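Novice: Show me how the following folds:
(one chain, ligands or ions: 1)
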Amino acid sequence: MADTNGAGTLRPLAGARRVVVKLGTALLTGAVDQLDLPTMQDLVGQVVALRERGVEVVVVTSGAVAAGRQALEERDSAPDALPAPRERTPLLRQVLAAVGQSRLMHVYEQLFGARGVIVAQALLTRGDVDDEIRRKNTQNTLEELLKLGVVPVVNENDVVANDELEGVIIGDNDTLSGMVARMLSADLLIILGEVAGLYSADPNVHPDVELIPEVLDLEALAADVSGPLSPTARGGMVTKIQAAREITAAGIDVIIADGHQPDVLARLLAGEPLGTWFSAQRAEEATPFDQAQDRLRQAQGERLV
Ligand code: GLU
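Specialist: Presented below is the predicted three-dimensional model:
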C-alpha cells in the first residue's frame, strides 16, 4: 500500500544511531560530470553535524567515474575526446573510475579534514559481500573505523568489477549502499539524489504527479518506476526500490530524498516527512526484547534531538 496520508506526520526515526548515507552521481556532479564542490561541502558538514550528535555515519559515494572524466577532459581540453556517458565501454568506466576515485577521496579528505574528521576509503565488490570471510573482514574493519570516530567512505571497486564480469559487479551504488546497511545492521539508509523521492509516475512526463511520502508495503506499490534518473547515474528508481525491498525486509528503514534540500539529513532524522520513507518491516517479527530495545533507542534519540 502506498499511503499518501502520512504527509505532515513525523516519522519514528529519531532513535537512529547508525546511518548509511548514499550520495548519488547526479547529486554530486549536477549530472555534468564535474564534482559539485559546494554541494559536497554542504553534505559533509551535515554528516559531521550528525556525528557530533552521536550518530554513526557511513557514506556510500558515487562520482568516481565523473571525477575521472573531469580530470582527463581538463588535461586534454577537448570536450568530445571521451564518449558520452551512455556510450562508455566497461573498460572506459574502469579507467575513468581509477583516475577519479583518488580525486574523489582527496575532496572528501579535504572537506572532512577541515572539520577535524578523518575519513577512510573502502572499495568493495560483490565478492567481498558474498564471501563469508571477506564480508566478516570488511564488517570488522568498518566497525572498527566507526569505533575510532572515522567516517568510512565506500564505493564499488570499479577497477576490478565491470559489466562483463557477471557475479563480481555490484553495478550501482543503490545496491551497494543496501549491502553496507545490512552488513553493519544500520538503523537507516538514506539515499540522496536529485529527485525528491518516489512518484507514482515519471514527474518529467506527468508534471502534476504527486510524491509518495511513505511506503508501508512495497509489494503493493503501484508506481511506474522505470527508467534511469540521469545519463550519468547507474541506478534508477528500479534499483532504489529493489534496495528498499531487501533492506526494509532486514528491519532497516530506507528514505529516498533530494540531497539539495537544506539540512536534509538532520531534518530526516528528526522525522520530517521529506522524500519517500520505506518503513522497516519489523513490527510483526519483533520479539518483546526487540520492542524494548526499539523503545529505549527511540527515547534516547528523542533526548538527543
Ligand atoms: N561507482 C560509480 C562511481 O563512483 C557509481 C555507480 C553508481 O552511480 O551507482 O562513479
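
Novice: what are the phi and psi values for V215?
Specialist: Main-chain torsions, V215, degrees, to the nearest 10: phi -120, psi 110.

Novice: and what of D263?
Specialist: Here is the backbone geometry of D263 (degrees, to the nearest 10): phi 50, psi 40.

Novice: what's the neighbour count on the closest residue to A249 other than its chain neighbours?
Specialist: For A249, ignoring the flanking residues on the chain, the nearest one in space by Cβ to Cβ, 6 or more residues apart in numbering is Q281 at 5.4 Å. Every residue, glycine included, has its C-beta placed from N, CA and C. Q281 has 19 neighbours, counted by other Cβ atoms under 10 Å.

Novice: for Q281, what are its contacts?
Specialist: By Cβ atoms under 8 Å, 6 or more residues apart in numbering, Q281 lies in contact with 248-249, 251.

Novice: can you tell me how far it sits from T248?
Specialist: Q281 sits 5 Å away from T248, taking Cβ to Cβ, to the nearest Å as the criterion.

Novice: swap in M183?
Specialist: Distance of M183 to T248, given as Cβ to Cβ: 16 Å.

Novice: Among those two, which residue is more densely surrounded?
Specialist: When neighbours are counted by other Cβ under 10 Å, M183 and T248 differ, and T248 comes out ahead with 23 against 19.

Novice: you'd agree the more buried one is up against L216?
Specialist: No. With contacts counted by Cβ atoms under 8 Å, T248 stays clear of L216, the gap being 9.5 Å.

Novice: Any regions of the stretch 1-150 of the chain where pLDDT drops low?
Specialist: Within the stretch 1-150 of the chain, the stretches with pLDDT under 70 are 1-8, 31, 78-80.

Novice: just the strands in it please.
Specialist: 2-3, 18-23, 56-61, 119-124 (DSSP state E, counting those that start in this stretch).

Novice: Near L211, how many residues? Count them for me, please.
Specialist: L211 has 20 nearby residues by other Cβ under 10 Å.

Novice: Quick check: chain neighbours aside, which residue is closest to it?
Specialist: Excluding its sequence neighbours, the residue lying closest to L211 (Cβ to Cβ, 6+ apart) is G197, at 5.0 Å.

Novice: got it, and P90?
Specialist: N162 (3.7 Å).

Novice: and that neighbour, how far is that from A84?
Specialist: Applying Cβ to Cβ, the value for N162 to A84 is 18 Å.

Novice: So which of these two has more stuff around it?
Specialist: Neighbours were tallied for N162 and for A84 using other Cβ under 10 Å; the higher tally belongs to N162 (18 against 10).

Novice: is it true that that one touches I169?
Specialist: Yes. Between N162 and I169 a contact is recorded at 6.2 Å, counting by Cβ under 8 Å.

Novice: Enumerate every residue touching the nearest residue in space to L148 that is not next to it in sequence.
Specialist: Of all residues not flanking L148 in the chain, I118 sits nearest, at 8.0 Å (Cβ to Cβ, 6+ apart). Residues near I118 by Cβ under 8 Å, 6+ apart: 112, 148-151.

Novice: got the CA positions of stretch 41-60 in PDB?
Specialist: What follows is stretch 41-60, C-alpha atoms only, in PDB (Å, rounded to 0.1, in the frame of the first residue of the first chain):
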ATOM      1  CA  GLN A  41      30.900  20.700   1.300                       C
ATOM      2  CA  ASP A  42      27.400  21.200   2.500                       C
ATOM      3  CA  LEU A  43      26.700  17.400   2.700                       C
ATOM      4  CA  VAL A  44      30.000  16.800   4.500                       C
ATOM      5  CA  GLY A  45      29.000  19.500   7.000                       C
ATOM      6  CA  GLN A  46      25.700  17.700   7.600                       C
ATOM      7  CA  VAL A  47      27.400  14.400   8.100                       C
ATOM      8  CA  VAL A  48      29.800  15.900  10.600                       C
ATOM      9  CA  ALA A  49      26.800  17.500  12.400                       C
ATOM     10  CA  LEU A  50      25.200  14.100  12.800                       C
ATOM     11  CA  ARG A  51      28.400  12.600  14.200                       C
ATOM     12  CA  GLU A  52      28.600  15.400  16.700                       C
ATOM     13  CA  ARG A  53      25.100  14.300  17.900                       C
ATOM     14  CA  GLY A  54      26.500  10.700  18.400                       C
ATOM     15  CA  VAL A  55      25.100   9.300  15.200                       C
ATOM     16  CA  GLU A  56      27.500   6.900  13.400                       C
ATOM     17  CA  VAL A  57      27.500   7.700   9.700                       C
ATOM     18  CA  VAL A  58      28.900   5.600   6.800                       C
ATOM     19  CA  VAL A  59      29.000   7.400   3.400                       C
ATOM     20  CA  VAL A  60      28.500   5.500   0.200                       C
END
